[in-house]
Structure formats: C-alpha cells, structure tokens
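In: 3D model of this:
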Amino acid sequence: MTTRHRCLAAAAVLLLACGCSISTTGPVRSGQPATGVQPGTRLYFLDQHGIHLTIRPDAQREDLQQTLNTLLAGPDHAETRSGLYSDLPASAGVQATVTPGVVTLRLSWPASSLSAPAIQQLVCTTEDAPTTGPVPKVAIVSRDAPSAIQQQCDLHRAG
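Out: Here you go, the predicted structure:
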C-alpha cells in the first residue's frame, strides 16, 4: 500500500470516527407542524411599496366570489391604519366564472379605467383564492373589453 492510499484510508477512518461532528439529540420542540396555506382570506392591497398580501384570519377561507367581494369592500380599519389601500372602484362589482383552468372576471366598470396595480389586486387575489385544481389563468372581461384579456399575478410568476 502506498503512502497516498494510507493517507486516504486514515482520512476515511477519521471521518467515520468523527461522525461529521453532529451530536446526538432527541426530538426538538419547535412549535406547531407546518400545515400548508395559512387559514384565512388572502387579499392583495397596495401600500407605498406596491402590492401587498394580507391575510384576514377567518375560521376558513372564503370561496372565490366571497373573496372578490371582500377585496372590493377595501381594507378594514386595521389594514388602513397599517398603510394599505385599494385602487379598485369602491362601488364596483365583479362576477367570477370558473371553468377548468380559467377564471373569468366580468367587471361592472370599464377595464380601461383600472390602473396596473388595481389589475394586479384582482388577479393576485383570484389566483390565491380557493379553486379546484392548479392555479387558474385569469381572464378579465368588461363592456369596453368584451374579448378576454389574460393576466397573471406578477408576484406569482415563475423565474
């Protein structure tokens, strides 16, 4: 056996004997286990930095139409005090229609009147709302845009 082989063998024995310096421990208590999506209604409002996710702690998440109605009602008092606001029209209405892979949002006001952040509020909230299957594509339809305009939440884009 050469000196090089002896050194490699000694290094291997040393590594095995050290056990990678990981000491043995029992279970470590660190709170509740992960449960997936935090319960509550997930809404996207705006603040001075852009779009912001806020979660209203409900016993269960609202369905898609309820979630959109809640979004249109605007931030609550606590959210407003923390600097959140909405760019969506206060007296507006949205009707959501779900088909496999696509949610169509029919607006009661002209889509051309919406700012880019307002569109992101609608789209991000829709993508995060409970639906069956994978995250849906979102299409926006209004009287001034009768052909569906496909949108995606900038915060959810892959890459």
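In: Next, the contact list for the residue most central in space within the chain, please.
Out: Nearest to the geometric centre of the chain sits residue 128, at 5.3 Å (Cα atoms, centre = their mean). Residues in contact with residue 128, defined by Cβ atoms under 8 Å, 6 or more residues apart in numbering, are 42, 44, 53, 153. Yep, even glycine has a C-beta here, placed from its N, CA and C like the rest.
In: do the same with residue 53
Out: By Cβ under 8 Å, 6+ apart, the neighbours of residue 53 are 42-44, 124, 128, 155.
In: quick revisit: mind checking which of the contacts of residue 128 are buried?
Out: Those of these that meet the buried threshold are 42, 44, 153, by 16 or more other Cβ atoms under 10 Å.
In: and the second one, that one's in a strand?
Out: Yes: looking at residue 44 with DSSP: H, G, I helix; E, B strand; the rest coil, it is inside a strand.
In: Tell me who's in contact with it.
Out: Taking Cβ under 8 Å, 6+ apart, we find residue 44 in contact with 51-54, 71, 120-121, 124-125, 128, 153, 155.
In: Let's see which of the residues you listed end up in strands.
Out: 51-54 (DSSP state E).
In: which one among those residues gets closest to residue 94?
Out: Closest approach to residue 94 among those (Cβ to Cβ): residue 51, at 17.3 Å.
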